[in-house]
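Engineer: structural data only, the sequence is not supplied:
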């Protein structure tokens, strides 16, 4: 039985949707379809919902289309700006590379000049020793000559006083008197000649000593000039290297001590020279020379350490940076990406030993190189690997070709630097080297 609510609801619906009949007539028969108010209401509601949904969907599509157009235009503008920025960075990198080559040439020329100055310094020190020894000999000879002159002067004075006391020749000497006088005259003449010769030798010795002192003064002035040039060269050469290692987060003293421990023996370029002082306190020039040679030793150690740390770019051909070190989409991008044509040569950035050369999941074809100081470099997505595990490589040696293997969206090199197993920004080392070289 129909309830009162159903009857009232039917009455309300019938007011808006009265019952209708749809007649279907054929040649032999006539039929009709009864459309109840409820059926009409359901059909109307469904049509209304369908129409509303159509309108809303069309509006959303139109808004998305308009927004997508704006986003595409904005993306194009950003891409153009990004390309311009990359081109500017590429030009700047090329100019920095030229400056680095020029600086390297100047650095090599300075090293050659330092080597020549070191040779001159050692020669001048040897010459100074010879001059000092000569002066000592002359002074000794001069003292002996002065003593001989004083002795002869005393003998001459004694003879003159003896002659003055006798007054005349003793007659009892008979025929020997003339011989005694001749002997005394000859002795006096020889004594006078010896005295004159001693005086002349002394004067000549004094003149020679003055000349040698002048030569020593000139030599010391020349040595001082050489010292100043060497000290300036050392300051210009060593300070930037200190700054380079500090920028890379590496303590210079610790690095140099590790390099020094790897070398043993006496002499050679790693041991500063020292002049023998025969147990005496070293002179100021000796200390100054040893300080310079110590700086040269430090410079040489820096040269060795720089070869063992990745202060270089893995590519020599033109390239562009496509992605830097840092977090992307919530994940750490542990290296720097370099884009260049397929097959571009890839080079080791420091001396080391290959610890991996093969396929490695998302890295694709990967090469790992272990360096000194706990540093490891990785070169990923290669198309061809040109080294083997256990092989020792040098800086600038070709280790593979650029490709698109592994999890990669285009041809590029993914380059990583890890210290103690933890990834660090490779640009720290590359920029530190660019600021110096």
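Structural biologist: Structure's in. What do you need? The model shown is predicted, which means the values in this text are computed figures rather than measured ones.

Engineer: ok, the lengthiest strand in the chain: who's next to it in the sheet?
Structural biologist: Using DSSP state E to assign secondary structure, the strand with the most residues in the chain is strand 375-385. With DSSP bridges as the test, strand 375-385 is paired with strand 365-370 (antiparallel), strand 398-402 (antiparallel), strand 413-419 (antiparallel).

Engineer: next SSE after that strand?
Structural biologist: strand 392-393 (DSSP states H and E).

Engineer: check which helices and strands that following strand sits against.
Structural biologist: In terms of contacts (3 or more C-beta pairs under 8 Å, 6 or more residues apart in numbering; DSSP states H and E), strand 392-393 is packed against strand 352-359. In this view, the C-beta of every residue, glycine as well, is placed from N, C-alpha and C.

Engineer: what mean pLDDT would you report for the strand it packs on?
Structural biologist: Average pLDDT, strand 352-359: 95.

Engineer: buried stuff in it?
Structural biologist: For strand 352-359, the neighbour count (16 or more other C-beta atoms under 10 Å) marks 352, 354, 356-357 as buried.

Engineer: who's in contact with that strand?
Structural biologist: With contact meaning C-beta atoms under 8 Å, 6 or more residues apart in numbering, strand 352-359 is reached by 308, 365-372, 376-377, 385, 387-393, 399, 405-406.

Engineer: what's the angle between that strand and strand 375-385?
Structural biologist: 40 degrees (axes from the mean of the first three to the mean of the last three C-alpha atoms, to 10 degrees).

Engineer: so what's the closest residue to residue 325 other than its chain neighbours up against?
Structural biologist: Nearest non-adjacent residue to residue 325, counting by C-beta to C-beta, 6 or more residues apart in numbering: residue 425, 4.0 Å away. Residues counted as contacts of residue 425 (C-beta under 8 Å, 6+ apart) are 324-326, 336, 417.

Engineer: quick one: which of the residues you listed is most hemmed in?
Structural biologist: residue 417 (27 neighbours; other C-beta atoms under 10 Å).

Engineer: name the nearest residue to that residue, sequence neighbours excluded.
Structural biologist: residue 426 (4.5 Å).

Engineer: and what of residue 364?
Structural biologist: Residue 364 sits nearest to residue 406 (C-beta to C-beta, 6+ apart), 2.5 Å away.

Engineer: quick one: residue 31 and residue 23 touch, right?
Structural biologist: Yes - contact status for residue 31 versus residue 23: in contact at 7.3 Å, counting by C-beta atoms under 8 Å.

Engineer: re the thing from before, identify whichever of the strands paired with strand 375-385 lies nearest to residue 58.
Structural biologist: With C-beta to C-beta as the measure, strand 413-419 is the member of these nearest residue 58 (45.7 Å).

Engineer: how distant is that closest one from the center of its chain?
Structural biologist: Averaging C-alpha positions (C-alpha atoms, centre = their mean, to the nearest Å) puts strand 413-419 18 Å from its chain's average.

Engineer: for it, buried residues please.
Structural biologist: Quick answer for strand 413-419 (16+ other C-beta under 10 Å): 413-418.

Engineer: same question for that strand, mean pLDDT?
Structural biologist: Here the average pLDDT along strand 413-419 is 92.

Engineer: all helices for the stretch 201-350 of the chain, in order.
Structural biologist: All helices of the stretch 201-350 of the chain, identified by DSSP state H, counting those that start in this stretch, fall at 252-261, 284-308.

Engineer: determine which stretch of those helices is the most buried.
Structural biologist: Among the helices of the stretch 201-350 of the chain, helix 284-308 has the highest mean neighbour count (mean count of other C-beta atoms under 10 Å), at a mean of 18.

Engineer: in the protein, what secondary structure element scores lowest on mean pLDDT?
Structural biologist: helix 176-247 (a mean of 69; mean pLDDT, DSSP states H and E).

Engineer: relative orientation of the one helix or strand residue 138 maps to and helix 284-308 in degrees?
Structural biologist: Per DSSP H and E: residue 138 is located in helix 37-166. Helix 37-166 runs at 150 degrees relative to helix 284-308, counting by the same axes, to 10 degrees.

Engineer: output the contacting helices and strands for helix 37-166.
Structural biologist: So helix 37-166, by 3+ C-beta pairs under 8 Å, 6+ apart, packs with helix 4-16, helix 176-247, helix 284-308, strand 320-323, helix 426-436.

Engineer: excluding chain neighbours, what is closest to residue 40?
Structural biologist: residue 17 (3.9 Å).

Engineer: next one: residue 308
Structural biologist: residue 372 (4.0 Å).

Engineer: bridged to the closest residue to residue 371 other than its chain neighbours, which residues?
Structural biologist: Leaving out its chain neighbours, the residue that sits closest to residue 371 by C-beta to C-beta, 6+ apart is residue 352, at 4.0 Å. Beta-bridge partners of residue 352, counted by DSSP bridges, are residue 393.

Engineer: now residue 379
Structural biologist: Bridge pairing for residue 379 - DSSP bridges - gives residue 367, residue 415.

Engineer: could you report the separation of it from residue 349?
Structural biologist: Using C-beta to C-beta, to the nearest Å, one gets 9 Å for the distance from residue 379 to residue 349.

Engineer: and if you look at residue 203?
Structural biologist: When residue 203 is compared with residue 349 (using C-beta to C-beta), they lie 71 Å apart.

Engineer: which one of those two has more residues nearby?
Structural biologist: residue 349 (27 against 10).

Engineer: quick one: residues contacting the more buried one.
Structural biologist: 310-314, 377, 395, 429.

Engineer: save these as CSV, and put in pLDDT, neighbour count and distance to residue 145 too.
Structural biologist: Formatted as CSV, the contacts of residue 349 follow (pLDDT from 0 to 100; neighbours: other C-beta atoms under 10 Å; distance: C-beta to C-beta, whole Å):
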residue, pLDDT, neighbour count, distance to residue 145
310, 87, 26, 71
311, 81, 23, 66
312, 86, 20, 69
313, 90, 20, 73
314, 93, 22, 76
377, 95, 24, 75
395, 89, 18, 67
429, 82, 26, 71
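
Engineer: in strands only, show me these.
Structural biologist: Reading strands off these with DSSP E, I get residue 377.

Engineer: thanks a lot, see you next time.
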